[in-house]
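**Student:** can you look at this prediction? I've put the sequence above it.
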Amino acid sequence: MSQAELRTRTLEIEVMRYDPEQDKEPHFRTYSVPCQEDWAILDALNYIKENLDSTLSYRWSCHMMVCGSCGMMINGEPSLTCKVFVRDLPDNVRVEPLANFPIERDLVVVLDDVMGKLQNAQTYIIRQDPPPADDVEYKQSPAELMKFKQYTMCINCMVCYAACPQYNLDPEFTGPAVMALAHRYNLDSRDQGRSERLDILGDHDGVWNCSFVGACSEVCPKHVDPAAAIQQMKIEASGQWVLQKLLPGRKS
Amino acid sequence: MLRELTCLLVAFYCVLTMIALAAAMDADPQRWSEFILGQQKPAWLVFHVFALVFFTVYQTIAWFRLAPKAMPLQLGDKVVAPGTIVAAHYVAWGVVSLVTLWIAGVF
Amino acid sequence: MAIAKKAFVWALFAAGGTVTAFVFPVLILLFVLVSAGMVPENMTREGVLMFAGYWFGKLVLFAVLVLSLWHAAHRMRVVCHDFGIRADAGVARILYLLATIATVITAYLLIRAS
């Protein structure tokens, strides 16, 4: 017997299953998984799929917290399954699909809502000036990069949406990740679309629906801090609102 | 949620302050003394002390802790540490409190 | 798309929250002292009227009271929403109406104080 095989612990993993073609409702199935001590819970799911039940459906890819595919609820906490290690878990683990999203199948959720919001928030560089001549570059200093760098780290895993109590109450809410990404572009010195984005995110379902609970920032695996981004945008949007009232017709 | 419930204390003390002001402004000078005497009951003391502690913990301290998130400061390529921003809030709080107590004639 | 009117109420909430965070502990402390029988020296009827009669005192009292009232009203609205009360527009109207009434009363008191 190898060293690794000696140090295994059997976890009872209760996984939510749902086949829309057969099941009226989601239900749970428990699998006994012999886990090596260095495994993440994702490895346990892979074990289930390879050895116990090949019908289990779930998303994953990089296994190193950069692709954002494997967000799920582990014992009620929204996390990336490649980030949570079995050594930090008790013997009984419950794995469910990401909260606040419709379930497509088993542990796969429908993310269309957030993908649509991402497009609406214009999360890309917007220029008002005509493009420069071919041999002129957009220059950005390290200080200018520092301003927005943390907000570029978002991997669109949507774990923040599973944690957000306002998104739970109100699915129209734009939500943490989309607003953190909008803020990333607002802070980018190369961008000229700030007032447009603030108009969009200062509308009814945007920043004002956030009550600064901060759960999003607590669960974010990349430490983006969407809560901070949203508060900063509330201040900017308030300022823009005042300016628009005082100087009507002014674009930005 | 406890943080959110401090708004009940805020509303309460705004109203109480307005009542105090109205008592001072009343043509009858007795009204002010009546207000002061009315406050000098053990139940009021207990309530005010509870409110002071609850409010300081769940509003002031919580608000200051979150301040750096709403107002990040970057000077050139140096980020001002969040702890510095929080500390500045406490200093300002100390100043405001001492000035208020001085105006009230506590010292 | 345009910035919603909510921006205005939120700005009052944020300003009020900052004001309450700085001012309310010492304000409540004054009530603690009064109810403990240690009424501060200047808090006589004359002292209070002098402060409220002075333009600076009026300004301070108005700013503190009004911003705090609107802070409380908006926060209460959010609490109601978080407790699942769906009629947000109605709740908002009631709370902001109360805040408006309180603002008017505060203004009236301070204009008359001397």
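**Tutor:** Alright, I've got the coordinates. Numbers count the residues shown, from 1 in each chain, chains lettered A, B, ... in the order given.
**Student:** could you report the pLDDT at the residue in chain A that chain C sits nearest to?
**Tutor:** Across chain A, the shortest distance to chain C (C-beta to the nearest C-beta) belongs to residue A:202, at 3.4 Å. (Glycine included, C-beta is placed from N, CA and C.) Here the pLDDT value assigned to residue A:202 is 91.
**Student:** tell me where the model's unsure across the stretch 1-150 of chain A.
**Tutor:** Along the stretch 1-150 of chain A, segments meeting pLDDT under 70 span A:1-6.
**Student:** give me every residue in it lying close to chain B.
**Tutor:** Listed as neighbours of chain B in the stretch 1-150 of chain A under the rule C-beta under 8 Å from any C-beta of the partner chain: A:141-143, A:146-147.
**Student:** close to chain B, is stretch C:23-43?
**Tutor:** Yes. Among the residues of stretch C:23-43, C:23-37, C:39-43 lie within reach of chain B under C-beta under 8 Å from any C-beta.
**Student:** of the residues of the stretch 1-150 of chain A next to chain B - the most surrounded one?
**Tutor:** residue A:147 (19 neighbours; other C-beta atoms under 10 Å in any protein chain shown).
**Student:** that one is in what secondary structure piece?
**Tutor:** Using DSSP states H and E, residue A:147 maps to helix A:142-152.
**Student:** other SSEs contacting the next helix or strand after that helix?
**Tutor:** Downstream of helix A:142-152, the next assigned helix or strand under DSSP H and E is helix A:159-163. On a contact count with 3 or more C-beta pairs under 8 Å, 6 or more residues apart in numbering or on different chains; DSSP states H and E, helix A:159-163 meets strand A:71-74, strand A:77-80, helix A:176-186, helix A:215-219.
**Student:** which element follows helix A:159-163 toward the C-terminus?
**Tutor:** Next in sequence after helix A:159-163, counting helices and strands by DSSP H and E, comes helix A:165-169.
**Student:** now do the helices in chain B.
**Tutor:** Secondary structure of chain B (DSSP state H): helices at B:2-25, B:30-39, B:42-55, B:62-70, B:82-104.
**Student:** take the ones you listed and write them to TSV, including distance to chain C, mean neighbour count and mean pLDDT.
**Tutor:** Shown next, in TSV, are the helices of chain B (distance: least, C-beta to the nearest C-beta, whole Å; neighbours: other C-beta atoms under 10 Å in any protein chain shown; pLDDT from 0 to 100):
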stretch	distance to chain C	mean neighbour count	mean pLDDT
helix B:2-25	4	19	95
helix B:30-39	4	16	95
helix B:42-55	4	16	97
helix B:62-70	4	18	95
helix B:82-104	4	15	96
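**Student:** quick one: which of these is nearest chain A?
**Tutor:** The nearest among the helices of chain B, by C-beta to the nearest C-beta, is helix B:62-70 at 3.8 Å.
**Student:** that closest one versus helix B:82-104: what angle between them?
**Tutor:** 140 degrees (axes from the mean of the first three to the mean of the last three C-alpha atoms, to 10 degrees).
**Student:** what's the neighbour count on the closest residue to residue A:109 other than its chain neighbours?
**Tutor:** Closest residue to residue A:109 apart from its sequence neighbours, by C-beta to C-beta, 6 or more residues apart in numbering or on different chains: residue A:101 at 3.7 Å. As a burial measure, residue A:101 scores 20 neighbours (other C-beta under 10 Å).
**Student:** next one: residue A:101 from chain B, what distance?
**Tutor:** 25 Å (C-beta to the nearest C-beta, to the nearest Å).
**Student:** is it true that that residue touches residue A:159?
**Tutor:** No. If you go by C-beta atoms under 8 Å, residue A:101 and residue A:159 don't touch, sitting 10.9 Å apart.
**Student:** ok, residue C:8 - contacts?
**Tutor:** Counting by C-beta atoms under 8 Å, 6 or more residues apart in numbering or on different chains, residue C:8 makes contact with A:238, A:241.
**Student:** got the phi and psi for it?
**Tutor:** Backbone geometry at residue C:8, expressed as degrees, to the nearest 10, gives phi -70, psi -50.
**Student:** now do residue A:96
**Tutor:** Main-chain dihedrals, residue A:96, degrees, to the nearest 10: phi -130, psi 160.
**Student:** picking up where we left off before, quick check: the residue of chain A closest to chain C vs residue C:80, distance?
**Tutor:** Using C-beta to C-beta, to the nearest Å, residue A:202 is found at 22 Å from residue C:80.
**Student:** these two - which one has more neighbours?
**Tutor:** Counted by other C-beta under 10 Å, residue A:202 and residue C:80 do not tie: residue A:202 has more neighbours, with 26 against 18.
**Student:** thinking that one is in contact with residue C:11, fair?
**Tutor:** No. Applying C-beta under 8 Å, one finds residue A:202 not in contact with residue C:11, separated by 11.5 Å.
**Student:** what residues do these two have in common as contacts?
**Tutor:** In terms of C-beta under 8 Å, 6+ apart, residue A:202 and residue C:11 are both contacted by the residues residue A:241.
**Student:** list the residues that contact the closest residue to residue B:70 other than its chain neighbours.
**Tutor:** Leaving aside its sequence neighbours, residue B:70 sits nearest to residue A:231 (C-beta to C-beta, 6+ apart; 4.1 Å). Neighbouring residues of residue A:231 by C-beta under 8 Å, 6+ apart: A:210, A:212, B:66, B:69-70.
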